[in-house]
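Engineer: With the input below, show me the fold.
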Amino acid sequence: MFSRTIAAAFLALWAAAVPAQSHKPLYTYQGADRDQRVLDGARKEARLLAYTSLNLKDSMPIAEAFEKKYGVKLELWRSSSEKVLQRALTEARGGRYAVDGFELNGPEMEALRREGLLEEFYSPQFANLPPAALPKHRQWVADRFNFFTIAYNTNLVKPADVPNSYEDLLNPRWVGKIALEAGDTDWFASMVKSMGEAKGLAFFRKLAQMRPQVRTGHTLMGELVASGEIPLAASIYNHNAERLAVKGAPIK
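Structural biologist: Numbering: from 1, shown residues only. Here you go, the predicted model:
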């Protein structure tokens with residue numbers, strides 16, 4: 001179900017990254033033959049180029065399933081959301097529109113929308129998504145949610161010391177031992193929204209005094225925690241930790 005939904009989302013975006021011109025009627029078309037019209041157009045082009053931040057362990061199986069189902073070659077260019085955004089903006093300003101669709105984090109998608117690089121579109125797969133995945137403008141929708149969590153090395157952190165809340169990260173024992181992902185603006189925003197602006201900003205000011213290690217890449221952070229180079233990561237995707245734990249790595 002998850003893979004089919006994302007594969008269909010790629011198909012829905014096959015023209016969504018191209019300047020609007022006269023394509024909007026196709027983007028928003030909801031007739032019974034909608035999928036067939038989009039698929040016919042995609043097969044004429046024979047290939048689909050998508051820029052994504054989804055790690056290759058997850059994106060490649062999706063690409064394979066997509067190609068098998070639709071008979072359209074799916075080419076992926078994968079990097080961090082920040083680098084995908086930079087590339088997209090650079091190409092657009094140079095008048096190059098080779099990319100067909102984007103699949104990356106929400107803040108960067110919103111930046112693309114504000115730069116005028118996206119257009120409203122419709123997909124029957126919207127029915128499979130929760131309301132929170134659908135912004136009012138419908139120029140991008142969420143096809144996956146990233147769950148942020150704390151991860152720690154079980155050889156370096158005693159069970160009694162495992163943080164039970166984010167406020168526990170402010171304990172002096174964690175000075176210099178916490179890692180943060182450099183691009184987690186979405187985590188920062190979510191935390192501040194959840195805590196309330198005054199309390200949230202005060203928390204991050206105190207967290208900065210803990211001298212955290214700043215690293216780039218959630219997959220890398222998981223591996224550094226598992227190897228023991230970092231005792232604890234404050235913002236990591238849960239699947240990065242779980243994938244390593246299943247293999248027997250000392251991470252929870």
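
Engineer: count of neighbours near residue 109?
Structural biologist: By other C-beta atoms under 10 Å, 22 other residues sit near residue 109. For every residue, glycine as well, the C-beta is placed using N, CA and C.

Engineer: try the one 3 residues further on
Structural biologist: Around residue 112 there are 21 other residues, counting by other C-beta under 10 Å.

Engineer: Now it: which helix or strand?
Structural biologist: Assessed by DSSP states H and E, residue 112 sits inside helix 106-114.

Engineer: Next, the residues that contact that helix from outside, please.
Structural biologist: 53, 81-82, 84-85, 88-89, 102, 118, 137, 139-140, 142, 185-186, 189 (C-beta atoms under 8 Å, 6 or more residues apart in numbering).

Engineer: now the residues you listed: which count as buried?
Structural biologist: Neighbour-count burial (16 or more other C-beta atoms under 10 Å) applied to those gives 53, 81-82, 84-85, 88, 102, 118, 139-140, 142, 186.

Engineer: Of all pairs in those residues, which one spans the longest distance?
Structural biologist: With C-beta to C-beta as the measure, no two of these lie farther apart than 82 and 139, at 19.7 Å.

Engineer: Tell me which residue of this structure is furthest from the middle?
Structural biologist: Distance from the centre of the chain peaks at residue 160, with 32.7 Å (C-alpha atoms, centre = their mean).

Engineer: contacting residues for the closest residue to residue 133 other than its chain neighbours?
Structural biologist: Spatially, and ignoring its direct neighbours in sequence, residue 133 is nearest to residue 142 (3.8 Å; C-beta to C-beta, 6 or more residues apart in numbering). Going by C-beta under 8 Å, 6+ apart, residue 142 touches 106, 129, 132-134.

Engineer: re earlier: now secondary structure, distance to residue 245 and pLDDT too, for the buried ones among the contacts of helix 106-114, in TSV please.
Structural biologist: Shown next, in TSV, are these (DSSP: H, G, I helix; E, B strand; the rest coil; distance: C-beta to C-beta, whole Å; pLDDT from 0 to 100):
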residue	secondary structure	distance to residue 245	pLDDT
53	coil	23	91
81	helix	25	88
82	helix	27	89
84	helix	28	94
85	helix	31	94
88	helix	34	95
102	strand	31	94
118	coil	37	92
139	coil	37	94
140	coil	32	95
142	coil	26	92
186	helix	24	87
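
Engineer: quick one on the thing from earlier: quick one: buried residues of the helix or strand that comes right after the helix holding residue 112?
Structural biologist: Per DSSP H and E, the first helix or strand lying C-terminal to helix 106-114 is strand 148-152. In terms of neighbour count (16+ other C-beta under 10 Å), strand 148-152 has its buried residues at 148, 150-152.

Engineer: Switch the residues you listed over to CSV; also include distance to residue 220.
Structural biologist: Putting the buried residues of strand 148-152 into CSV (distance: C-beta to C-beta, whole Å) gives the following:
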residue, distance to residue 220
148, 16
150, 17
151, 12
152, 16
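
Engineer: Tell me where this structure has strands.
Structural biologist: Taking DSSP state E, the strands of the chain run over residues 47-52, 73-78, 101-103, 148-152, 178-181, 213-215, 232-237.

Engineer: gap between residue 180 and residue 78?
Structural biologist: In this structure, residue 180 and residue 78 are 23 Å apart, going by C-beta to C-beta, to the nearest Å.

Engineer: quick one, helices of the stretch 151-252 of the chain?
Structural biologist: For the stretch 151-252 of the chain, the helices defined by DSSP state H, counting those that start in this stretch occupy 185-195, 197-208, 218-227, 238-246.

Engineer: So which bits of the third one are buried?
Structural biologist: Going by neighbour count (16+ other C-beta under 10 Å), the buried part of helix 218-227 is 218-219, 221-226.

Engineer: And for the last one?
Structural biologist: Neighbour counts over helix 238-246 (16+ other C-beta under 10 Å) mark 239-241, 243-245 as buried.
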